[in-house]
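[1] Whatever this is, show me its structure:
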Amino acid sequence: MALIELIVAVVIIALLAGAFYGLWRRGKGGQEKSIPAQALGKAKGVDCQNMLQQLRAAVQMAAMDNEDRPPPSLPADMAGYSKCPENGQPYSYDPQTGRVWCTTPGHEEF
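    Next comes the predicted model:
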């Protein structure tokens with residue numbers, strides 16, 4: 001009886017492993033992204049969001065020091081934060097309004 005239970009447990013584990021392996025490996029041949037690629041993309045999006053938040057805070061502080069006028073360019077000490085981690089494209093900055101934004105597709109709402 002114990003042998004049958006063991007065999008059933010192994011079969012169930014094998015079926016679950018096969019199903020998860022299929023989810024893990026999907027995306028071959030130009031289809032949907034695999035699960036690790038989706039997680040990496042999400043992490044880069046969160047990193048982009050954080051960098052934009054830091055840049056906006058730096059611009060706001062620089063504007064407060066300069067009679068509420070935004071700086072003519074992004075603060076020099078924030079150079080490491082001036083590119084999107086997704087594709088390395090520099091962030092856009094409007095010196096008239098002090099607005100900083102990302103032009104990477106999918107990051108417009110950041």
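[2] which ones are touching the residue positioned nearest the centre of the chain?
    In the chain, the residue lying closest to the centroid (Cα atoms, centre = their mean) is G45, at 1.7 Å. By Cβ atoms under 8 Å, 6 or more residues apart in numbering, the contact set of G45 is 86, 106-107, 110. Using the backbone N, CA and C atoms, a C-beta is placed for each residue, glycine as well.
[3] So which of the residues you listed is the closest to E67?
    Lowest distance from E67 to the contacts of G45 (Cβ to Cβ) belongs to F110, with 28.3 Å.
[4] From K44, how far out is that closest one?
    12 Å (Cβ to Cβ, to the nearest Å).
[5] So what touches stretch 89-104?
    Residues from elsewhere that reach stretch 89-104 (Cβ under 8 Å, 6+ apart): 48, 51-52, 55-56, 59-60, 63, 70-74, 82-84, 86-87, 108, 110.
[6] Now for the residue lying closest to H107 once chain neighbours are set aside, how many residues are close by?
    The spatially closest residue to H107, leaving aside those adjacent along the chain, is C48, at 5.5 Å (Cβ to Cβ, 6 or more residues apart in numbering). Applying other Cβ atoms under 10 Å, we find 21 residues neighbouring C48.
[7] what sits against C48?
    84-86, 102, 104, 107, 110.
[8] Just name the lowest-scoring one in these, pLDDT-wise.
    Ranked by pLDDT, the contacts of C48 bottom out at F110, which scores 79.
[9] out of everything not next to it in sequence, what's closest to it?
    Nearest non-adjacent residue to F110 (Cβ to Cβ, 6+ apart): Q49, at 4.7 Å.
[10] Can you give me the pLDDT of the one you found?
    At Q49, pLDDT is 91.
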